[in-house]
Structures are given as structure tokens and as C-alpha cells.
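Enquirer: Here is my input, please return the structure:
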Amino acid sequence: MALNKKNSRKIVVDGESYRYSVSATSLDAAGNYRLNVTLQSEDDGARLVVRGLVTRDFWLDISKPGMKTEEDYPTVTPRHIKSIIRLAVDSDWQPQKTGPAFELELNNDQLFFQRD
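Expert: Modelled structure (predicted):
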């Protein structure tokens, strides 16, 4: 089953069309939200599920001033989605093949703070 077009965005990477969605889970004890990133080829291939990314909510932290930096509040942009797709393909994700979801484990340093 393809990602819902109403709740996902389209992106074209290396001539292939994909759909993706990004959401966050509930707040954990450390004040972080786990990001759920799901991608799929528009041709209904296997889904790609990214695990391990986290972010914070600036507006929840503003009432508790501290040593937070911009790096504590990363957001997933289309540039990051392109990187995720290329990393997954390099890790043997076959977006056109149907089957179980392919899981890619990433952390914030690997995705948000890499040098292009």
C-alpha cells in the first residue's frame, strides 16, 4: 500500500519519484521527540523506515533557559530526504521491489551534521 498522497510529500531523486512523511512521537523523559521518517517509491515498492533521529520542541524549552543550541532542534528538509534515499540505496534498499519495510538506523550526527 502506497503512502497517502494527502499526508505525504513528493520528491524526485536521481530521476525516481518517491513520497515521504515525517512525524514525531510523544515526548520522552529527556525532553526529546523521536522522528518517524517513512519513504516509498511512487510505484508502490518496499517502504523505507528511518529510526534513531530525535529533535526537541523549542517552545517547550523556552520556559527553561539553558545551554541549548540550534543543533538541539534539527528539522528534516528535502535535502535530508535525498541523503536518506541515497544512503538506503547504498545499504541495499531496493525501492522498486515489494516486500517488508527496509529499516535504516541513523543518528542525528550522521544525517544533520554531515559535511556535504
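Enquirer: Next secondary structure after the worst-scoring helix or strand of the chain on mean pLDDT?
Expert: The helix or strand of the chain with the poorest confidence is helix 58-61; it has a mean of 59 (mean pLDDT, DSSP states H and E). Per DSSP states H and E, the first helix or strand lying C-terminal to helix 58-61 is helix 78-90.
Enquirer: In that next one, which residues are buried?
Expert: By 16 or more other C-beta atoms under 10 Å, the buried positions in helix 78-90 come out as 80-81, 83-85, 87-89. Yep, even glycine has a C-beta here, placed from its N, CA and C like the rest.
Enquirer: And stretch 26-46, by the same measure?
Expert: Buried-residue list, stretch 26-46, by 16+ other C-beta under 10 Å: 32-33, 35, 37-42, 45-46.
Enquirer: from the chain's centre, how far out does stretch 37-54 sit?
Expert: Relative to the centre of its chain, stretch 37-54 is centred 8 Å away, using C-alpha atoms, centre = their mean, to the nearest Å.
Enquirer: so how far is the first residue of that stretch from its last?
Expert: Stretch 37-54 has an end-to-end distance of 11 Å (criterion: C-alpha to C-alpha, to the nearest Å).
Enquirer: if I pick A101, what's in contact with it?
Expert: By C-beta atoms under 8 Å, 6 or more residues apart in numbering, the contact list for A101 reads 46-49.
Enquirer: so how far is T75 from it?
Expert: Distance from A101 to T75, counting by C-beta to C-beta, to the nearest Å: 23 Å.
Enquirer: likewise N36?
Expert: Taking C-beta to C-beta, one finds N36 at 14 Å from T75.
Enquirer: on that earlier part again, ok, the buried residues of stretch 26-46 vs S17, which is closest?
Expert: Among these, E42 lies closest to S17 (C-beta to C-beta), at 4.2 Å.
Enquirer: Any idea what the residue nearest the centre of the chain is bridged to?
Expert: Residue closest to the mean C-alpha point of the chain, counted by C-alpha atoms, centre = their mean, is V37 at 3.4 Å. Going by DSSP bridges, V37 is paired in beta bridges with V22, V50.
Enquirer: so what's the closest residue to V76 other than its chain neighbours up against?
Expert: Spatially, and ignoring its direct neighbours in sequence, V76 is nearest to V22 (4.8 Å; C-beta to C-beta, 6 or more residues apart in numbering). Shown in contact with V22 (C-beta under 8 Å, 6+ apart): 35-37, 76.
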